[in-house]
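Student: I'd like to go over a predicted model; first the sequence, then the structure.
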Amino acid sequence: MASNATISSTIPQFPKEFILDGTNYLESELHMMTKLQYHRLWSIVKGMEPNPKATSIVSSIRPTQDAIDSWPDKDECAHAFKLFNMKPQVACQFLSKDDKKAKEFWDAVQQMWQRSRL
């Protein structure tokens, strides 16, 4: 797993206007998506790159050991990327004892704001 120092040093802090504060979800989401794509983490967040350790059980294609070893770091980085770019009062709404993966975390954030726009 990546250390916290490694993660925080590789995750750029957004300009203040893009940090999710509870009033700017659409702007923050677009900026976040672009940054995650740039850092090649979007496929983790959207579930297009599932954990190869889990998928190797149901697939005849065996992932490389490097893919298996690097996936948890990429997932952790994508998850932290989102947390580091939220105001603390917003981030606290999504922290729980459940060890959510980046995709589950992203989905929970989307669901909260989609419900509030209805």
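Tutor: Thanks, I have the structure now.
Student: so who does Val90 touch?
Tutor: 20-22 (C-beta atoms under 8 Å, 6 or more residues apart in numbering). Where you see a C-beta, it was placed from the backbone N, CA and C, and this is true even at glycine.
Student: Compare those and tell me which is most surrounded.
Tutor: Leu20 (22 neighbours; other C-beta atoms under 10 Å).
Student: So what pairs up with that residue in the strands?
Tutor: In this structure, Leu20 bridges to Met86 when assessed by DSSP bridges.
Student: Distance check, it against Arg115.
Tutor: Taking C-beta to C-beta, to the nearest Å as the measure, Leu20 falls 16 Å from Arg115.
Student: what does Thr55 give?
Tutor: As judged by C-beta to C-beta, Thr55 and Arg115 stand 31 Å apart.
Student: quick one: which of those two has more around it?
Tutor: Between Thr55 and Arg115, counting by other C-beta under 10 Å, Thr55 is the more crowded of the two (16 against 8).
Student: Do you know the pLDDT at the closest residue to that one other than its chain neighbours?
Tutor: Distances taken as C-beta to C-beta, 6 or more residues apart in numbering put Pro63 closest to Thr55, at 7.2 Å, once the chain neighbours are dropped. Pro63 is assigned a predicted lDDT (pLDDT) of 82.
Student: quick one: Pro63 and Ala54 touch, right?
Tutor: No. Between Pro63 and Ala54 there is no contact under C-beta atoms under 8 Å: 10.0 Å.
Student: Just want to know which of these two has more residues nearby.
Tutor: Pro63 (15 against 11).
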